[in-house]
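Participant: below are the sequence and a predicted model; questions follow.
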Amino acid sequence: MNLLNRARKWLTHAFMPQSPALGGSMGTFRGWFGGSRYDYTQEAGELWSNSVVSICINRKATMMADCGLIIQQYDSAKDKWSKATGPAVKSALNIWRRPNAYYNFTALINAIELSAECRGQYFLYIRRSNSGQPIGFWYLPHTWVSVESTQDNAGGEKLITHYRYTIPGAGQIDLSVDDVLMVRNGIDPKDTRCGLSPLYAQLREVSSDNEASNWLASLLRNGATPSTFINPKVPPASSQAPTPEAMKSIRDLVNESIRDARGQAVMIPYPVDLSPATFNPKDMELGKIRAIPTDRLCAAMGGDPMAFGLPSESKTYSNLGEAMDALGNMTVLPTLKDWAAQWSEKMLPMFGLDPEIYRYWWDTSDVTWLSDDKYDRDENTRKNWMAGGLDLFRFKEELGETPDKADVGINYFTMQAASQPISETPKKQGLSDWAIRMGAANIARLEKHGRTPSPVKHKIKSDTAAQSAHNRNINQMDRVMMQAFDDYKAGRLNMVDLKERLSAAIYDTHRKQYRLGFQVGGGTPTNEELDRFATTVTDLQQQYLQGFLDDVENGRYNDADGVLDLDGALRQRAGMYANNTSASATAGFVQGSPDDAEYTWKLGVAEHCPDCEYIATLSPFDKETMFTHPREGDTRCLSNCKCQIVRDSDGLAPFGPVE
């Protein structure tokens, strides 16, 4: 062996992830936790037998099975993935849809989710036809499979050489790496061949929850009373102390009276005192004790307890949907995408499909727990388009429409400049999907109460002081933003500092406007409410702001000499951010008003976009169905909207557009 080969071999051994013994691994948890003398791997038992873990696995598996498995093909010309078809694609999907004659895809998903959660990996044996083509799968319980590195691996260069399948009482079978699909979650630092479940760090919580369940069951089984001490009284001279056998008989009598014979009288043939244990079960606060491991177990499995149907102190009707959405979008879908990526690498080449061009993917269009997801994505796409972050070609693509080559490079602002007067748009355009959706929600609310849309004819009651404060906030923000751009132009700010200053202006002004509106409505917002509202709006604006700044940095607003032009298009676009804060004042007004208040969308004196005209006909709204506000940017007239929100009870309309 020459020096070059020796160096190569040394480097291979030096950097190859080695398992502790380069042998087999059943892939089970092991080890002691810091600060503990107990081996919780034994105390916890089978993780899926814990009630919390079992509930969470079932909920996530149900959500996963709702998604439709598809195969996508990459189009390099369009830089886009689209649904693939063809005989090979069909075969690659059929192995999952009917893995074998005994269970379907749903059952398989439940099984592999159990292994993935409880161990961080799962194994599927690949069923093949006589010609060697994959035709399905068998689920292999992770507790019966060991990862091996001992076959034809004298140099230790292979991480996995085969799998050993051990059936209790029936012997062992060695399985080829080619015949097993192993999918892991990350890498176990104690055995780099295996994955690692977040539940590994929760074994104490599993044990604690099991002990709490056992304690409660034992307490109820014993008549809901704690342990009782039986103390024989000092007998009179003429009496004889009970023997140990007699004491056992007394104990049995007491136990029977508080178990199967609850409430019955008990005759004890000896003078004794019955003393309950000194603690009171109420002092245990069992509900709070059980909540601690439950919260942590659910967190390890990616969701709030309420999303899994478990008790939660933070559960309300309004945030249950948010918890479900977080579980779906932040846990279930990322997990499915990771699985699909590993499936693609292993399985697609067996059908002649290149994983660089084809991939397993998930169709969520019919998933109930993501019913609003497409609407939210479309809304974000539309707002991004209106902020100038997308050209017309990409905008149509995102909405699922077919774009034209002429749409490339056309953005919202160039279209606005060349568009016809807003009064002519209803003749050429229908109502937006957003407006129709909003209208349907409010009509449903009114129908529930036996009503129909009937806008109230108001004598408008303005609030001059509120409008003046509202205008000052907008003008102040406009000045702050333009000063920031001026400092950037002069070199006093870099792009990072510019974004930070603009973000601070957005946060501060939306907070002030919301506070102003809330107080005009008759309420008093807390600092927490104000901060939460301002943070939410600022976070939403970040993607649009970044698109704006990218255009600034790329010279879109430079003059003929290549110098940033602070007038014209840049000032107009910056002004949209300031005008948009008007909607926060109206939003605060609505939220600060009484809960039973209703509102009419009143058209301004100018021409109106079709969205505003349609919304006005659907009045009155309440707090729940008032999904948007004038100048919020949801209607087609964006922040140029001239409409107002009028409170029906007193005709108060405090905030109009800045003239």
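Facilitator: Thanks, I have it.

Participant: which helix or strand contains the residue most central in space within the chain?
Facilitator: The residue at the geometric middle of the chain, judged as the C-alpha nearest the mean C-alpha position with CA atoms, centre = their mean, is Ala326 (2.0 Å). Assigned by DSSP states H and E, Ala326 belongs to helix 317-327.

Participant: helix or strand next in line after that helix, which one?
Facilitator: Per DSSP H and E, the first helix or strand lying C-terminal to helix 317-327 is helix 333-347.

Participant: now what about that next one, what contacts it?
Facilitator: The contact list for helix 333-347, computed with CB atoms under 8 Å, 6 or more residues apart in numbering, reads 60, 64, 67, 69, 92, 95, 116, 126, 134, 181, 183-185, 302, 355, 358-362, 364. Every C-beta, even on glycine, is put in place using the N, C-alpha and C of the backbone.

Participant: are any of these buried, and which?
Facilitator: Neighbour-count burial (16 or more other CB atoms under 10 Å) applied to the contacts of helix 333-347 gives 60, 64, 67, 69, 92, 95, 116, 126, 134, 181, 183-185, 302, 358-362, 364.

Participant: in strands, which of these appear?
Facilitator: With strands taken from DSSP state E, the overlap with these comprises 69, 126, 134, 181, 183-184, 358-362.

Participant: okay if I get those residues as JSON lines plus pLDDT and distance to Pro455?
Facilitator: What follows is those, written out as JSON lines (pLDDT from 0 to 100; distance: CB to CB, whole Å):
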{"residue": "Leu69", "pLDDT": "95", "distance to Pro455": "49"}
{"residue": "Ile126", "pLDDT": "96", "distance to Pro455": "65"}
{"residue": "Pro134", "pLDDT": "95", "distance to Pro455": "63"}
{"residue": "Leu181", "pLDDT": "97", "distance to Pro455": "61"}
{"residue": "Val183", "pLDDT": "96", "distance to Pro455": "58"}
{"residue": "Arg184", "pLDDT": "94", "distance to Pro455": "60"}
{"residue": "Tyr358", "pLDDT": "96", "distance to Pro455": "54"}
{"residue": "Arg359", "pLDDT": "96", "distance to Pro455": "51"}
{"residue": "Tyr360", "pLDDT": "96", "distance to Pro455": "52"}
{"residue": "Trp361", "pLDDT": "95", "distance to Pro455": "46"}
{"residue": "Trp362", "pLDDT": "94", "distance to Pro455": "44"}
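
Participant: nearest to Gly321, out of those residues: which one, please.
Facilitator: In terms of CB to CB, no member of these lies closer to Gly321 than Trp362, at 21.0 Å.

Participant: surely Gln151 meets His162?
Facilitator: Yes - the pair Gln151 and His162 qualifies as a contact (CB atoms under 8 Å) at a distance of 5.2 Å.

Participant: and these two? which has more neighbours close in?
Facilitator: Neighbours of Gln151 and His162, each counted by other CB atoms under 10 Å, are more numerous for His162; the result is 22 against 12.

Participant: what is the distance between stretch 609-621 and the centre of its chain?
Facilitator: 33 Å (CA atoms, centre = their mean, to the nearest Å).

Participant: so which bits of stretch 444-461 are buried?
Facilitator: Those would be 446, 453, 455, 458, for stretch 444-461 by 16+ other CB under 10 Å.

Participant: Trp362: what's it in contact with?
Facilitator: Contact criterion CB under 8 Å, 6+ apart gives 67-70, 333, 336-337, 340 as the residues in contact with Trp362.

Participant: mind running it again at 7 Å?
Facilitator: With contacts defined as CB atoms under 7 Å, 6 or more residues apart in numbering, Trp362 is in contact with 67-69, 336, 340.

Participant: can you map out the helices along the stretch 201-350 of the chain?
Facilitator: Under the criterion DSSP state H, counting those that start in this stretch, helices of the stretch 201-350 of the chain are mapped to 203-221, 244-258, 286-300, 317-327, 333-347.

Participant: nearest to Asp174, of those?
Facilitator: Scanning the helices of the stretch 201-350 of the chain with CB to CB as the criterion, the closest one proves to be helix 333-347, at 19.0 Å.

Participant: list the buried residues of that closest one.
Facilitator: Taking 16+ other CB under 10 Å as the basis for neighbour counts, the residues of helix 333-347 that come out buried are 333, 335-336, 339-340, 343-344, 346-347.

Participant: switch those over to TSV; also include pLDDT and distance to Arg251.
Facilitator: Output for the buried residues of helix 333-347, formatted as TSV (pLDDT from 0 to 100; distance: CB to CB, whole Å):
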residue	pLDDT	distance to Arg251
Leu333	92	57
Thr335	94	53
Leu336	95	56
Trp339	96	56
Ala340	95	61
Trp343	97	60
Ser344	96	65
Lys346	95	62
Met347	96	63
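
Participant: which one of these is nearest to Ala217?
Facilitator: Proximity of those to Ala217 was ranked by CB to CB; the top entry is Thr335 with 33.1 Å.

Participant: distance of the residue nearest to the centre of the chain from Gly303?
Facilitator: Per CB to CB, to the nearest Å, Ala326 is found 7 Å from Gly303.

Participant: name the nearest residue to Tyr557, sequence neighbours excluded.
Facilitator: Across the structure, with CB to CB, 6 or more residues apart in numbering as the measure, the residue nearest Tyr557 apart from its sequence neighbours is Leu570 (4.1 Å).

Participant: so the one you found: helix, strand or coil?
Facilitator: In three-state terms, and counting by DSSP: H, G, I helix; E, B strand; the rest coil, Leu570 is helix.

Participant: in the stretch 451-600 of the chain, which spans are strands?
Facilitator: Counting by DSSP state E, counting those that start in this stretch, the stretch 451-600 of the chain forms strands over residues 599-602, given from the N-terminal end onward.

Participant: confidence-wise, which helix or strand of this protein is lowest on average?
Facilitator: The weakest-scoring helix or strand in the chain, judged by mean pLDDT, DSSP states H and E, is helix 425-428 (a mean of 34).

Participant: what's the neighbour count on Asp648?
Facilitator: Residues contacting Asp648 under the criterion other CB under 10 Å number 16.

Participant: hmm, back to that, so who does the residue nearest to the centre of the chain touch?
Facilitator: With CB under 7 Å, 6+ apart as the criterion, the residues that contact Ala326 are Gly303.

Participant: against Asp611, how distant is it?
Facilitator: Counting by CB to CB - Ala326 and Asp611 are separated by 30 Å.

Participant: and what of Lys60?
Facilitator: Lys60 sits 39 Å away from Asp611 when distances are taken as CB to CB.

Participant: which SS state does Phe123 fall under?
Facilitator: Classification of Phe123 using three-state DSSP returns strand.
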